[in-house]
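Q: Provided below for reference: sequence and predicted model.
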Amino acid sequence: MSPHRRALEQGYRWLRFEDGLERQFQAFFTQGHLVRVRVAAWVSIVLFIMFVLIDLATLPAYVSIRTVSIRLALIIPSFIIVLLASYRAAWRPYLGSAVFTAALVTGLSTVAVIGSALDVGYQIPYEGILLVALFVYLIACLAWRRALLANMVTLCAFVIMEFALQTNPQARLYQIVFMCAANGVGAYGAYFLEHSIRTTFLVDTLLHELAALDGLTGLSNRRTLNIHLERVWRQAMRDRQAVAIAMIDIDYFKRYNDRYGHARGDAALKAVADVIAGQARRPLDLTARYGGEEFAVIWHNPVPGELQAMGEVLTAAVEALHIEHLDSDLGRLSVSVGVAIGLPCAGDDAAALLRAADEALYQAKHQGRNQVVVTEPVSALV
């Protein structure tokens with residue numbers, strides 16, 4: 001089962017996938033929220049510049065010198081770093097950490113702004129700290145755990161500051177209660193926001209898988225094979241490397257279906273496909289169901305002298321399944337393999353290599369089946 005489908009069926013109430021899938025999601029999350037992070041950073045910078053101007057215009061100088069210094073020295077620079085990380089590709093892997101740091105700095109600095117005013121006996125509006133909490137949860141594009149951590153640290157600092165500097169018990173109670181309520185609302189909303197994003201990620205990936213894979217065997221389908229072959233072909237042409245294609249056909253498969261029925265035939269196709277799937281061991285290799293009982297393998301930059309042995313390993317593995325086939329000369333299910341290899345050059349046609357592999361397969365079947373035929377390296381593929 002696809003890990004995406006498994007995650008969708010098992011659920012993810014702790015907002016965590018298995019390691020490999022989690023890394024895919026984090027890349028999806030970062031890329032999908034890149035523009036939103038930039039907009040949030042720009043908006044934050046503009047807002048805090050406005051707060052600086054408001055502080056200078058409305059607060060006494062002995063208070064504003066403290067609050068303005070904190071905003072200019074800590075909060076605004078942290079969002080500038082977020083912007084740089086979002087625009088510089090080399091810094092992109094650290095964007096999530098930059099946003100988390102900015103959120104933490106903003107929360108603690110806002111506590112410091114309120115505390116610095118209380119320290120000199122001046123009460124400033126505390127609504128800003130509530131906005132910071134909601135901003136971190138819902139707008140900053142942070143993963144839920146990081147948003148929760150940043151706000152819990154800020155909340156603890158806020159409570160400590162209130163008990164240390166707030167002399168009005170009633171004001172202290174109301175402010176702490178409002179701060180806890182804002183965190184509760186924000187954490188609740190942010191949890192379900194990330195849960196829906198994870199669902200979107202899984203569904204989107206599954207839709208792509210369904211479009212790219214053969215429904216019966218789970219291998220790539222023919223459309224994906226053609227797309228991948230063109231991609232590998234261009235890559236090999238740039239790197240001056242070879243490409244090999246193996247065409248694989250189950251011997252006497254129509255006879256198998258006629259004797260054992262289509263249900264047994266589908267099971268045999270799946271079993272053979274599982275064997276073939278193991279032939280793609282490198283990132284640019286691909287296994288696919290070409291159609292009916294025919295399969296294909298693309299190998300990027302293989303060692304020419306090893307192609308015969310690679311094909312024979314495949315035929316031996318299928319024989320080792322010991323699937324009975326009384327209408328075959330061998331008495332059990334087997335495959336024939338045709339392999340072609342070529343070095344792509346400008347003007348060459350990838351489809352010609354596919355045709356060469358198909359011809360090698362025809363030759364393997366003509367020579368008696370259950371064998372491998374490897375053509376000479378194809379030099380002219382036009």
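A: Great, that's in hand.
Q: which parts of this structure are helices?
A: 3-10, 19-32, 34-58, 61-70, 76-87, 95-119, 127-138, 144-165, 169-212, 222-239, 253-260, 262-277, 307-319, 350-366 (DSSP state H).
Q: buried set for the fourth one?
A: This means helix 61-70. Under the neighbour-count criterion of 16 or more other CB atoms under 10 Å, helix 61-70 has 63-64, 66-68, 70 buried. Any C-beta I mention is one placed from the backbone N, CA and C, and that applies to glycine too.
Q: by contact count, what packs against it?
A: If you count contacts as 3 or more CB pairs under 8 Å, 6 or more residues apart in numbering; DSSP states H and E, helix 61-70 packs onto helix 34-58, helix 95-119.
Q: pull the helix or strand with minimum mean pLDDT from this structure.
A: None of the helices or strands of the chain scores lower by mean pLDDT, DSSP states H and E than helix 3-10, at a mean of 89.
Q: low-confidence stretches in this structure?
A: For the chain, the stretches with pLDDT under 70 are 1, 346-347, 377-382.
Q: list the contacts of the nearest residue to Ala133 once chain neighbours are set aside.
A: With CB to CB, 6 or more residues apart in numbering as the criterion, Ala133 has its nearest non-adjacent residue at 4.6 Å, and that residue is Ala182. Ala182 makes contacts with 130, 133-134, as judged by CB atoms under 8 Å, 6 or more residues apart in numbering.
Q: and what of Asp285?
A: 279, 297-300.
Q: want to throw these into a markdown table with neighbour count and distance to Ser109?
A: What follows is the contacts of Asp285, written out as a markdown table (neighbours: other CB atoms under 10 Å; distance: CB to CB, whole Å):
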| residue | neighbour count | distance to Ser109 |
| --- | --- | --- |
| Gln279 | 20 | 57 |
| Val297 | 27 | 58 |
| Ile298 | 27 | 55 |
| Trp299 | 24 | 57 |
| His300 | 21 | 52 |
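Q: and which of these is nearest Leu206?
A: Ile298 (23.8 Å; CB to CB).
Q: doesn't Leu229 make contact with the closest one?
A: Yes: taking contacts as CB atoms under 8 Å, Ile298 lies within contact range of Leu229: 5.9 Å.
Q: the helices of the chain: which one's closest to Asp329?
A: Nearest of the helices of the chain (CB to CB): helix 253-260, 10.8 Å.
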